[in-house]
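Q: Below is the sequence, then the predicted model.
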Amino acid sequence: MGARAQYVVVENGTWQRYCSHCAAHRVVDDLLPGPVAATRCFRANREIDEWLDDTWCEGAALVDHDRRILLWFAFADGWADHLAARAVLARTWPGWDVRFAHDGMGDLTHHLGLGRDLTRAPDWFETIGPSGSRAPGTPSPGPSSPCACPPAAFVRGAALGSLSITSPAVPA
């Protein structure tokens, strides 16, 4: 099973897309050393001409050297890990605007002026049930990923500006 990641590097007014079949779990690790190392790492992956969609993409980063903006999202083992990653990125990307992409691929494509729905099927929101599973009677999108393997479960944060954390009850 893969853990697909998409990377976008913006430099000198142009952008390139890269894909890794199994790097979504290490997007943050690849970002931690800073913009030069992250860009080198992303460019070592396969360059592609398409976008991974919200079903297939489990982690992504956009490194905009022209505007000094980093947009990223990836699964974290917990809130503490997410906060730690953000704190380290703030130090290793000095002078950059480091942003978590709460809307996933929508934030990355929006940043490039392509709109938020580019990587989403029509009516995508209505087809997702409350647990993240497809609503009954909704056909699966099928194996359309350029990285060609089934998606793993991935849940992103809540809508922009309204992230809530719920801790499980601990027995006394």
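A: Okay, I see it.
Q: I figured residue 100 hits residue 72, correct?
A: Yes: Residue 100 is within contact range of residue 72, at 6.6 Å (criterion: CB atoms under 8 Å). Placement of C-beta: from N, CA and C, glycine included.
Q: Could you check which of these two is surrounded by more residues?
A: For residue 100 and residue 72, the more surrounded residue by other CB atoms under 10 Å is residue 72, and the numbers stand at 24 against 20.
Q: residues contacting the residue lying closest to that one once chain neighbours are set aside?
A: Excluding the flanking residues, the one nearest residue 72 by CB to CB, 6 or more residues apart in numbering is residue 61, at 4.2 Å. Applying CB atoms under 8 Å, 6 or more residues apart in numbering, we find residue 61 in contact with 5, 7, 8, 27, 30, 31, 38, 42, 70, 71, 72, 74.
Q: With secondary structure and pLDDT as added columns, please give those in CSV.
A: Converted to CSV, the contacts of residue 61 look like this (DSSP: H, G, I helix; E, B strand; the rest coil; pLDDT from 0 to 100):
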residue, secondary structure, pLDDT
5, strand, 91
7, strand, 96
8, strand, 96
27, helix, 93
30, helix, 94
31, helix, 96
38, helix, 96
42, helix, 95
70, strand, 98
71, strand, 96
72, strand, 95
74, strand, 91
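Q: Quick check: of these, which has the highest neighbour count?
A: residue 7 (29 neighbours).
Q: Work out for me the element residue 19 sits within.
A: Using DSSP states H and E, residue 19 maps to strand 14-20.
Q: Counting neighbours, what do you get for residue 87?
A: Residue 87: 10 neighbours (other CB under 10 Å).
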